[in-house]
Each structure stands twice: as structure tokens, then as C-alpha cells.
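*Asks:* Fold the following, please.
(4 chains)
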Amino acid sequence: MEITVLAFGIAKDIFGRESIQIEIDEGRDVTTLKASLEQHYPKLKELASYMVAVNDEYAHASTVLQTGDEIAIIPPVSGG
Amino acid sequence: MEITVLAFGIAKDIFGRESIQIEIDEGRDVTTLKASLEQHYPKLKELASYMVAVNDEYAHASTVLQTGDEIAIIPPVSGG
Amino acid sequence: MIDILLSTEPLDVSYCISLVQSPECGGIDVFIGTVRSQTKGKQVVRLEFEAYERMAVKEMRKIADQAMSNWPVHKIAVHHRTGVLQIGEVPVVIAVSAAHRDAAFDACRYIIDTLKQTVPIWKKEVFEDGEVWVAAHP
Amino acid sequence: MIDILLSTEPLDVSYCISLVQSPECGGIDVFIGTVRSQTKGKQVVRLEFEAYERMAVKEMRKIADQAMSNWPVHKIAVHHRTGVLQIGEVPVVIAVSAAHRDAAFDACRYIIDTLKQTVPIWKKEVFEDGEVWVAAHP
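*Replies:* Numbers count the residues shown, from 1 in each chain, chains lettered A, B, ... in the order given. Modelled structure (predicted):
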């Protein structure tokens, strides 16, 4: 399935845009997504850390992605 | 010597006015003053506690009083 | 910079904040005391604050000086009101600015905690059926 | 009562305070973040804040909910600004009212500490000679 991944902060700079499309197999989890993203965008691995949000919530590594999910890359936050 | 003692808060109510004159011997300290005041105004002994200030500073029990000192009774404070 | 005020006029919270604001600071902590409508379940009509003015100002400044030496804070404002206050009015405002927020929080809390213990100001609670000097009796 | 705001407009500190003020409360603690002119000794030109808006609002509310359950506080306002901010401007205001001050202080500090750890908002520091997303790299 093709999923859309939103990017914020430095992730937007790394992707070069506000969102990207990426093809992953049905039933795959956040860990798979991160591995795939890091293959395409190796600079993600240079970050202090980054999280993945699924439908506006922080997701676990084992969270399975589904068609229609809103997925976002959350680099280290620095609000306040 | 005759000294003036300022009163605030409940001490003003106990004295019935904003200041009183009291006669104590030269060279006497805060402890003597308190004993003398408590003799004239026994209600002072009902307070949770009270301090004596000499010249705008909290005084020790052994602080010796001198002519011209500004002396005040400081019942438990409750500002803020 | 330390700004101390004891006044019978309503306190200006925004002014206190503007006094401590600075481009060198990353955070400001502000404590605002407000008059509660109830105390121990009893309806309060109004409060009356009285101060031994000269000594109160001196003690307020001492506390702010101590806060300045204990924490890396930049500016401090301590404003206290006296006289008659109605429900919701503000008896005290403390504003502290610092490069980093931990110092601002710690210093602000120290100042209000110490002010309540040492500054010669007295609060009388007035009820429908009487009045009481707070903390006077055990 | 919890009031959450994420806005590109300048924040109104007095409004935040008025939102939490209440006759049931004896104290309000307010934290005001301000943009510092320097970071690690380097002159800052401006800051740019970006948010994952829907999630940021959700996370800010979660934190305020947690504060409400952890401490006996009455009302909470958490306002955060996004977009371009100049030196001295205010990216965040947190106001907490409570019957007793300890709860207001503890809750306010918890909220800003947690906000900085979990709310998806990012700050870019812009210098004369470049820019950096804060905390992005080790």
C-alpha cells in the first residue's frame, strides 16, 4: 500500500518537502516504516532520535500501519 | 526610661491603640519588655507567638533596649 | 534589579511582568495571590491588610536579595497591597525572570513562602458575623 | 476548566490570567517563556516555531488533564505561539489557579517541563550566519 508521511521541523528539511509518499506492504509496523525511510533518507539516522505518530498519537515500534492512517515523523521536539 | 511600643494587627486590638508608652529600666532587654507587657496585657500570652522588632529589625530575646529605639510588637504575620 | 512596592492601590500584574522582562531571559515565573471567597468553608466578605510599612519593605527587599544570591535570576518584582480588598482582588504579585526557568520557579516560590513567614503584614478576614486576624491564635 | 490555544498571533498574558482567575482560588502561578537574545553565547536574530497542529493541541490538552488529576488545581490555560518570533516575544504562557499555591506551582512546572518533552512543536534558531533546529542532533 502507498502511505503518506508528514514531516515537521528538521524532517521536512531532510525530505525536502512537507510530506512524502512511500510504498510499504500491508500489515507492516512502525519499525519497518522507519527502516524503509532511513534507507531512502539516511540523514534520519543522524538525528538525536525521532518518533512516529499515527493518527495524532505517538506510536509504538510494533504499531501496525493501515491504509488511511495519518502518519508523521516527529523529530526531537523543542517547543516552549 | 519611657519607651514607645508600636502595635500592629491583633496587638493593636489588645493594646486598644496603635502605640503605648511603657516604663522600663535602662539596660533591660527584649525578654524584660515582653514580661512587662504581658503583665499589663495578659492577652498577649494567648497569641500563637509574637516577636519584637527594634529599629525595623527582628530582635533577639537578649537585645538591649535603648532610648530612642523604635520598638514594635509583631504578632504572627499573615501577608501574601 | 529588584523592585519592591507596598501600596494601597490595586496592583498591576502586567506592569510587574514588564519590570522583569529582558532579552537575556528565557522565562518568567509570576505568582499572583488572590482573595478567596471562602476560608475553612466560611464565606469571606472582605480582607483587610495592615503593614508595618518601613519594616515590611525592608524585609521584602531582604528576601529578594536572598533569592538573587541563591539562584541565577535576573530581575525580581515583589508588590504587596494593603488596605481593604474584595473577593478576587490581588494582595501580592511576585515576578521573577531568569535565563532558565528552573531558577525562576525556585526563586519565585522561595519569595512567596518566605514573605508569608517573615514580612510584617497582617490579614484580617471579615465575615458576616465577625472578624479574625489570621494566624494570631494557636 | 482547561483552555488550550495554538496561535500565530501574539499571546495575551493578561487574558490567560483572566481565564484562570476565580473567587475559589487563593493563588495563580504563571509561566511566561520569552525569546532570549543569545543561545550558547551566540546572537539570535529570530526564532521560528512550527507545530504539528492537531497533535500539538491534543498533547497540550493531555498534559493539562494530567496536571488536573495530579494536583488540586482549579483552572489551567496553556497558550503556545507558532511562526516567526523576535527577541523578547513570548512563545508560551501557562497559567494555573488553585485554592492553595503549592498545587499551582507544582502543576505549572509540570506542564512546562512535560510540554517541552512531548508536544510536537519545533523551534528553529536563526543566527546571522545560519540556522539550526534546536535539539535535532545529538
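*Asks:* Just want the phi and psi numbers for the nearest residue to A:Glu46 once chain neighbours are set aside.
*Replies:* Computed as C-beta to C-beta, 6 or more residues apart in numbering or on different chains, the closest residue to A:Glu46 that is not its neighbour in sequence is D:His137, at 6.4 Å. All C-beta spots, glycine's among them, are computed from the backbone N, C-alpha and C. The phi and psi values for D:His137, taken as degrees, to the nearest 10, are phi -110, psi 150.
*Asks:* Was I right to think D:His137 contacts A:Lys45?
*Replies:* No - between D:His137 and A:Lys45 there is no contact under C-beta atoms under 8 Å: 11.1 Å.
*Asks:* correct me, but C:Val119 touches C:Ile63?
*Replies:* Yes - shown here, C:Val119 and C:Ile63 form a contact pair, counting by C-beta under 8 Å, at 7.3 Å.
*Asks:* Return the residues of chain C in contact with chain D.
*Replies:* Residues of chain C lying near chain D by C-beta under 8 Å from any C-beta of the partner chain: C:13-14, C:17, C:21-38, C:87-88, C:97, C:99, C:101, C:104-105, C:108-109, C:112.
*Asks:* Work out for me the element whichever residue of chain A sits closest to chain B sits within.
*Replies:* Proximity of chain A to chain B (C-beta to the nearest C-beta) peaks at A:Gly80, 28.4 Å away. In this assignment (DSSP states H and E), A:Gly80 forms part of neither any helix nor any strand.
*Asks:* Around it, how many other residues sit close by?
*Replies:* Here the number of neighbours of A:Gly80 (other C-beta atoms under 10 Å in any protein chain shown) works out to 23.
*Asks:* Could I get the pLDDT score of the nearest residue to it once chain neighbours are set aside?
*Replies:* Nearest residue to A:Gly80, sequence neighbours excluded (C-beta to C-beta, 6+ apart): D:Lys116, at 4.1 Å. According to the prediction, D:Lys116 has pLDDT 98.
*Asks:* what about D:Lys116, which helix or strand?
*Replies:* Per DSSP H and E, D:Lys116 falls inside helix D:101-118.
*Asks:* helices and strands around the very next helix or strand once past that helix, which ones?
*Replies:* The first helix or strand that comes after helix D:101-118 along the chain, using DSSP H and E, is strand D:121-127. Packed against strand D:121-127 by the contact rule (3 or more C-beta pairs under 8 Å, 6 or more residues apart in numbering or on different chains; DSSP states H and E) you find strand D:42-51, strand D:130-133.
*Asks:* Let's check: the centremost residue of the chain is which one?
*Replies:* Using chain A. A:Ile73 (3.8 Å; C-alpha atoms, centre = their mean).
*Asks:* look at chain C instead
*Replies:* Centre of chain C computed as the mean C-alpha position; nearest residue by C-alpha atoms, centre = their mean is C:Val92, 3.2 Å away.
*Asks:* who are the neighbours in contact with that one?
*Replies:* Neighbour list for C:Val92: B:Gly79, B:Gly80, C:Leu11, C:Phe31, C:Ile32, C:Gly33, C:Val78, C:His79, C:His80, C:Arg81, C:Ile112, C:Leu115 [criterion: C-beta atoms under 8 Å, 6 or more residues apart in numbering or on different chains].
*Asks:* The second one and C:Gly33 touch, don't they?
*Replies:* This means B:Gly80. Yes - counting by C-beta under 8 Å, B:Gly80 touches C:Gly33, with 5.6 Å between them.
*Asks:* intersection of neighbour lists for these two?
*Replies:* Common contact partners of B:Gly80 and C:Gly33 (C-beta under 8 Å, 6+ apart): C:Pro91, C:Val92, C:Ile112.
*Asks:* tell me the pLDDT at the second one?
*Replies:* The one in question is C:Val92. Reported pLDDT for C:Val92: 98.
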